[in-house]
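> Structure here, sequence nowhere to be found:
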């Protein structure tokens, strides 16, 4: 199964300044046997041009797709379904402001080949953003505590669920094409409408018990939302969007 077609999907909206680092991190993978699909979600800043230039030197095939309906989940879903139609059987997602660890693809592939149907990886702060001690330790601990609470929420303990609730990050997921199609995939909705990663997880939990929380599947994520909104608002945002900015434009912190 090591030759099974593997695809990485990266949704992107106005990430011309950041996506270069994401692409370099993917080019530096120990396992470059995958196809990359970047889904431009209506960017106006030249994001697609950055990816096209990268494609000329990339160690793997790169395709740029366009999805004008706004939403990270919507763009990701477009990418996943396009990749599956192109033959991908194993898929992973990261985001355009993230930096996957060098063994990210290799680790995701190993879990999926080993029998996992959905792999939920660990998120750590981007080192190039020079995180403070609080940003490296306190905020991640609060996120983990919130996820622990989520495991015991009534909505997450329905008898139909076949696997426990786990901490999930939309920018660090891997799964099989079979599961994605069977469960309905990522919801197509604006970013402010809900947590598309949690919805995907709960959809998957109704179809399989082969869901893994993988602490060794690591992606460095940006601190820009936390720094722009503060810890309280950011936590409330991730907690079922209990706080939202006044306008949809403010959702996309750049």
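Perfect, I can see it now. No experiment lies behind these values; they were computed from the predicted model shown.
> hmm, who's touching stretch 230-241?
138-139, 142-143, 146, 192-195, 225-226, 229, 242-244 (Cβ atoms under 8 Å, 6 or more residues apart in numbering). Just so you know, the C-beta spots here come from the backbone N, C-alpha and C atoms, and that holds for glycine as well.
> Can you tell me which of those residues comes closest to residue 184?
residue 194 (14.3 Å; Cβ to Cβ).
> Quick one: neighbours of the closest one, just the number.
15 (other Cβ atoms under 10 Å).
> that older thread, in helices only, show me the contacts of stretch 230-241.
Those of the contacts of stretch 230-241 mapping onto helices are 139, 142, 143, 146, 225, 226, 229, per DSSP state H.
> Now tabulate the residues you listed in TSV and tack on distance to residue 181, neighbour count and pLDDT.
Formatted as TSV, the ones in helices among the contacts of stretch 230-241 follow (distance: Cβ to Cβ, whole Å; neighbours: other Cβ atoms under 10 Å; pLDDT from 0 to 100):
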residue	distance to residue 181	neighbour count	pLDDT
139	35	18	88
142	35	15	87
143	30	17	86
146	30	14	81
225	31	17	93
226	34	21	94
229	35	17	94
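> any idea how far residue 112 is from residue 201?
Relative to residue 201, residue 112 is positioned 16 Å away (Cβ to Cβ, to the nearest Å).
> ok, now residue 92?
Relative to residue 201, and taking Cβ to Cβ, residue 92 is found at 15 Å.
> so where do the helices sit in the protein?
19-27, 47-55, 72-85, 104-113, 133, 139-152, 177-183, 196-205, 224-229, 231-238.
> Quick one, grab the pLDDT at residue 49.
Predicted confidence (pLDDT) for residue 49: 98.
> now swap in residue 194 and tell me
For residue 194, the predicted pLDDT is 88.
> repeat for residue 1
43.
> same deal with the one 3 residues further on?
Taken from the predicted model, the pLDDT recorded for residue 4 is 74.
> which ones are touching it?
Contacts of residue 4 by Cβ under 8 Å, 6+ apart are 89, 90, 113.
> at 10 Å what do you get?
33, 87, 88, 89, 90, 109, 112, 113, 176, 177 (Cβ atoms under 10 Å, 6 or more residues apart in numbering).
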